[in-house]
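sequence and computational prediction follow.
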Amino acid sequence: MAQENLERQGYGVYLPKVRQMRRRRGKQEAVVEPLFPRYLFIHLDTQSDNWAPIRSTFGVASLVRFGSEPAQVPDELVAHLKSQEGQEGLHEWAEPKMKVGDRVRVAEGPLKGVEGILLAKSGQERVMLLLEMLGKEVRTHLTTSQIESADD
């Protein structure tokens, strides 16, 4: 909302976005979200641009400040962020890589909530877990999308 209203006023605005996998209603799905939630970059000339309308723009909570001065981000940093975007103008988060030996939790399916140890990665999208169930150790194969780190 802030981006749209600031652009309508003629400000140059950059809102970096990221595509990442989120679990919603028990399913993994790709979502697009701001890279820095609740923040966006505005290109301003500190000598000639009027900062006053920004503070009262609908959707803007406040400016990031250091003392009484608005924070300034080097143009090179914004250029670097833009250079890291893919063809769709989005950043891509690498999925967290779990290692053999890590404690994991089953995130979906009939074993949801059961914790175990990642024993092996048995293929591109498959893993083998060691689970303790009913007092016994059981090995099972699941897809990587069905597990999450137990530390979360």
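Looks like it came in fine. Residues are numbered from 1 along each chain as shown.

so who does residue 105 touch?
Neighbouring residues of residue 105 by CB atoms under 8 Å, 6 or more residues apart in numbering: 113-116, 147-150, 152. Placement of C-beta: from N, CA and C, glycine included.

by neighbours, which of the residues you listed wins?
When neighbours are counted by other CB atoms under 10 Å, residue 116 leads those with 24 neighbours.

partner residues bridging the closest residue in space to residue 107 that isn't next to it in sequence?
Of all residues not flanking residue 107 in the chain, residue 148 sits nearest, at 4.5 Å (CB to CB, 6 or more residues apart in numbering). Taking DSSP bridges as the rule, residue 148 bridges to residue 105.

correct me if wrong: residue 148 contacts residue 103.
No - in this structure, residue 148 is not within contact of residue 103 by CB atoms under 8 Å, at 10.5 Å.

before we move on, the earlier item: look up how far residue 140 lies from the residue nearest to residue 107.
15 Å (CB to CB, to the nearest Å).

and for residue 131?
Applying CB to CB to residue 131 and residue 140 gives a distance of 6 Å.

what does residue 34 give?
37 Å.

equivalent analysis for residue 57, please.
With CB to CB as the criterion, residue 57 and residue 140 are 53 Å apart.

do residue 37 as well
36 Å.

domains for the chain, by residue range?
2-92, 103-149 (automatic domain parsing).

what is the end-to-end distance of the shortest one?
Length of domain 103-149, first residue to last, CA to CA, to the nearest Å: 6 Å.

which strands and helices lie in contact with the helix ranked longest in the chain?
Longest helix in the chain, counting residues (DSSP state H): helix 75-83. Under the contact criterion of 3 or more CB pairs under 8 Å, 6 or more residues apart in numbering; DSSP states H and E, helix 75-83 touches strand 12-14.
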